Each structure stands twice: as C-alpha cells, then as structure tokens.
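need coordinates for the following:
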Amino acid sequence: MERKIIDYLPPYLMVYKEIKAIMEAEQPEFEIVWPQAENVLNNQFVSDSSSIGIERMEKILGIIPKDTDTQDERKFRILVKLNEQLPYTLPVLEQQLKRMCGENGYRLILSADKYLLNVKLALGNENNYQDVCDMLRRVVPANMVIFVSMFNTHEILSHYTHAQLAAYTQKQVREEVLTNV
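Below you'll find the predicted structure:
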C-alpha cells in the first residue's frame, strides 16, 4: 500500500523508535480498513456506489430492481427517485422527462380541461418506459388520466427514403419499430 500511517504524523514524532514500532505494527490493520473506508465514502454517491451501496439505496427508497437490470440501470432508477420534487409543475415535469429521456426523447401534451396528460416516448427510450410510468403515477395529481405511448423520432426516420416509408401506414411509421425498411 502506498500510504503509510507514519507519514501522517508530525515530523518531530517520526524520529522516536517507539512511535515507528507502533506505526509499523498498526500499518497492516490500516491496509485492511482503508479500502473499506473508501467504499463507505463512495457509497454516499450514486455514480460511485458499489453493488452493496446500490442495494442499500434501493432499500431506503423502496425500489425493487429487476433481475435483468445492470448496475447502471439501477443507478439511473435511484437518481430518478432522488430527483423527484414535489409539488410538481409542468416545467418541473418536463425537466424530469428531459433528464430521463433526453432533449427530444419525449412529447408532453396536457389537456387541462379534460384532466388528461399524454406522454409519448421516443422508441429509443423503451427501457425507460416503466420508470417513466412509475414516476408519473407518483407525481401527477390523482385526478388526471395519464396515457404513455411510444413513437418514432425524426432522427430515426431520417435514415429512410420516402419510397421506403410509403410501404407503411402513418400509424405504423409513428408507433412501430421499422425493421423491413
């Protein structure tokens, strides 16, 4: 280990044989404890957390991970939960969706007179679909009806010619993953 505990002492104490002997005897114990102390510190930050830290945060926040989730997906879900702020306003909701789905990864349509909130996610965000639904259930007022659906973005469709897209209906072009084109 590159750290020696004797180096943390003031220079006038380093000259004594007894102090040197004590530090040499304690050094192996510190070599065991230092990595564990670093893990404890790293687990305070979601991006640096180990699997133990992620499990602890999920338990605290009431998040149940899926068996297929990677550590990054689990960290993402924790960050989403930590970033929720109440009371919600439309700009705050848009900001949250932007964090989860990207700048152009969603469309938000509010029909306040009909108590309807329609959220459309770009097909590239299908992994976030359930997380978006869960977040909306937690933060949108209970008297609002929420619809969440998927759609193709211009970025995805721009790779195809008009002739290729003509083989599909408008609904298919908007809402289905195009594979035969």
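
torsion angles phi and psi at residue 166?
phi -60, psi -20 (degrees, to the nearest 10).

burial of it, as a residue count?
10 (other C-beta atoms under 10 Å). All C-beta spots, glycine's among them, are computed from the backbone N, C-alpha and C.

contacting residues for residue 57?
The neighbours of residue 57, taking C-beta atoms under 8 Å, 6 or more residues apart in numbering as the test, are 46, 49, 63, 78.

as CSV, those residues with secondary structure, neighbour count and distance to residue 38 would be great.
Shown next, in CSV, are these (DSSP: H, G, I helix; E, B strand; the rest coil; neighbours: other C-beta atoms under 10 Å; distance: C-beta to C-beta, whole Å):
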residue, secondary structure, neighbour count, distance to residue 38
46, helix, 16, 16
49, coil, 20, 12
63, coil, 18, 25
78, helix, 21, 20
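
show me the two of those residues that sit farthest apart.
With C-beta to C-beta as the measure, no two of these lie farther apart than 49 and 63, at 13.0 Å.

quick check: which ranges of this structure have low pLDDT?
For the chain, applying pLDDT under 70 flags the ranges 1, 85-87, 125, 153-156, 173-181.

domains in it, as residue ranges please.
Following automatic domain parsing, the chain resolves into domains at 5-42, 85-181.

most packed of those?
domain 85-181 (a mean of 13; mean count of other C-beta atoms under 10 Å).

any idea how far it is from the chain center?
18 Å (C-alpha atoms, centre = their mean, to the nearest Å).

how about residue 43, what does it touch?
Residue 43 sits next to 49-50, 52-53, 56 when contact means C-beta under 8 Å, 6+ apart.

how about the helices in this structure?
Along the chain, counting by DSSP state H, helices occupy 11-14, 17-42, 51-61, 71-82, 90-101, 129-139, 154-157, 162-165, 170-175.

which one, of the ones you listed, ends up nearest to residue 145?
The closest of those to residue 145 is helix 129-139. By C-beta to C-beta, the value is 10.9 Å.

mind putting the helices of the chain into a markdown table with distance to residue 118?
Compiled in a markdown table, these are given as follows (distance: least, C-beta to C-beta, whole Å):
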| stretch | distance to residue 118 |
| --- | --- |
| helix 11-14 | 69 |
| helix 17-42 | 40 |
| helix 51-61 | 28 |
| helix 71-82 | 20 |
| helix 90-101 | 12 |
| helix 129-139 | 11 |
| helix 154-157 | 19 |
| helix 162-165 | 24 |
| helix 170-175 | 13 |
